[in-house]
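Colleague: this one's sequence-less:
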């Protein structure tokens, strides 16, 4: 019945034993009966066990008290929210694709104030507003003039509301995402399933924080028009920020998705076009 004096990283529990101090994200579990009645002594009857995915502090595996960033506490469990673990919510968003968690960039690559910079290892030629790049022979990205933007009725849902976005040909987009290593992950252009889900999130929830732009502002925000002669050296010299490149390619064509009055899931288009680039990774 007397309290034990514990040393060497052990803590007194129930006045009758000394056991290991468990770090945040773990809890003490007994080897014998697991009911916490304090029958084991000198820390030999149990161990520190992980609280589970997303849980920062817990009582046991069934009762979490505090969740990690990117998770929400609900009925003692941590559920994935829309924040990608370990990455800033200003630039990354977690979505659900066929029951799997996928992180997607919330801005076009090249528009992320450090986080979404185009990796130098991608070998991309980036040109400013009015610049020219030969899309037939190079991996090219262009900056779309910011004045060509109609914010639309729901632009307040997205802080990245301007249309001065970076657009690229497919070869550049593919290289950018494969060279992108945010969070120590491997990234790619969106698969067909991810592109469809980007549309579903946007269509069902307004802008939904994904900060996509469209070509008519009837549903999405903001509206970004095509820019004549804004992307010199692309297939037709136009910039199309409302189109998004997908990962699928065949020959000289690649998948894309158009947001706007058509909402077209394009079978393929010429890789030399200048479209938006979003990168994704599975968690």
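Modeller: The structure has been received and is ready for your questions. Keep in mind that this is a model prediction, so the values were computed, not measured.
Colleague: Poorly predicted segments of the stretch 151-283 of the chain, please.
Modeller: Low-confidence segments of the stretch 151-283 of the chain (pLDDT under 70): 151-163, 200-209, 216-222, 260-266.
Colleague: tell me the mean pLDDT for stretch 53-63?
Modeller: Averaged across stretch 53-63, the pLDDT comes to 90.
Colleague: buried set for it?
Modeller: Residues of stretch 53-63 classed as buried by neighbour count (16 or more other Cβ atoms under 10 Å): 54, 55, 56, 57, 58. Every C-beta, even on glycine, is put in place using the N, C-alpha and C of the backbone.
Colleague: And stretch 270-283, by the same measure?
Modeller: 270, 271, 272, 273, 274, 275, 276, 277, 278, 279, 280, 281.
Colleague: ok, of these, which one's closest to residue 75?
Modeller: Lowest distance from residue 75 to the buried residues of stretch 270-283 (Cβ to Cβ) belongs to residue 281, with 28.9 Å.
Colleague: Who are the packing partners of the one helix or strand that closest one maps to?
Modeller: Element membership of residue 281, judged by DSSP states H and E, is strand 280-282. Packing contacts for strand 280-282, counted by 3 or more Cβ pairs under 8 Å, 6 or more residues apart in numbering; DSSP states H and E, involve strand 100-105.
Colleague: for the strand it packs on, packing partners?
Modeller: strand 92-97, helix 192-205, strand 280-282.
Colleague: who touches the strand holding residue 281?
Modeller: 100-105, 177, 183, 185-191, 194 (Cβ atoms under 8 Å, 6 or more residues apart in numbering).
Colleague: Could you dump the buried residues of stretch 53-63 into a markdown table with secondary structure added?
Modeller: Putting the buried residues of stretch 53-63 into a markdown table (DSSP: H, G, I helix; E, B strand; the rest coil) gives the following:
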| residue | secondary structure |
| --- | --- |
| 54 | coil |
| 55 | strand |
| 56 | strand |
| 57 | strand |
| 58 | strand |
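Colleague: Of those residues, which pair is most distant in space?
Modeller: The two members of the buried residues of stretch 53-63 with the most space between them (Cβ to Cβ) are 54 and 57, at 11.4 Å.
Colleague: Okay, strands next: where are they in the stretch 1-150 of the chain?
Modeller: For the stretch 1-150 of the chain, applying DSSP state E, counting those that start in this stretch gives strands covering 10-13, 17-20, 26-30, 46-50, 55-60, 63-67, 71-74, 77-80, 92-97, 100-105, 125-127, 140-143, 149-150.
Colleague: To residue 239, which of the ones you listed lies closest?
Modeller: strand 140-143 (6.1 Å).
Colleague: Tell me which strands that closest one pairs with, and in which orientation.
Modeller: Partner strands and pairing direction for strand 140-143 (DSSP bridges) are strand 125-127 (parallel), strand 166-168 (antiparallel).
Colleague: from the middle of its chain, how far away would that strand be?
Modeller: Centroid separation for strand 140-143 versus its chain: 22 Å, with Cα atoms, centre = their mean, to the nearest Å.
Colleague: With stretch 232-243 instead?
Modeller: Computed by Cα atoms, centre = their mean, the chain-centroid distance of stretch 232-243 equals 25 Å.
Colleague: mind checking the end-to-end distance for it?
Modeller: End-to-end distance for stretch 232-243, by Cα to Cα, to the nearest Å: 17 Å.
Colleague: Which of the strands of the stretch 1-150 of the chain has the highest mean neighbour count?
Modeller: Of all these, strand 140-143 carries the top mean neighbour count, a mean of 26, counting by mean count of other Cβ atoms under 10 Å.
Colleague: could you give me the average pLDDT of that strand?
Modeller: Strand 140-143 comes out at a mean pLDDT of 95.
Colleague: got a list of contacts for it?
Modeller: Residues from elsewhere that reach strand 140-143 (Cβ under 8 Å, 6+ apart): 109-110, 118, 124-129, 131, 133-134, 164-169, 172, 176, 230-234, 239, 274, 277.
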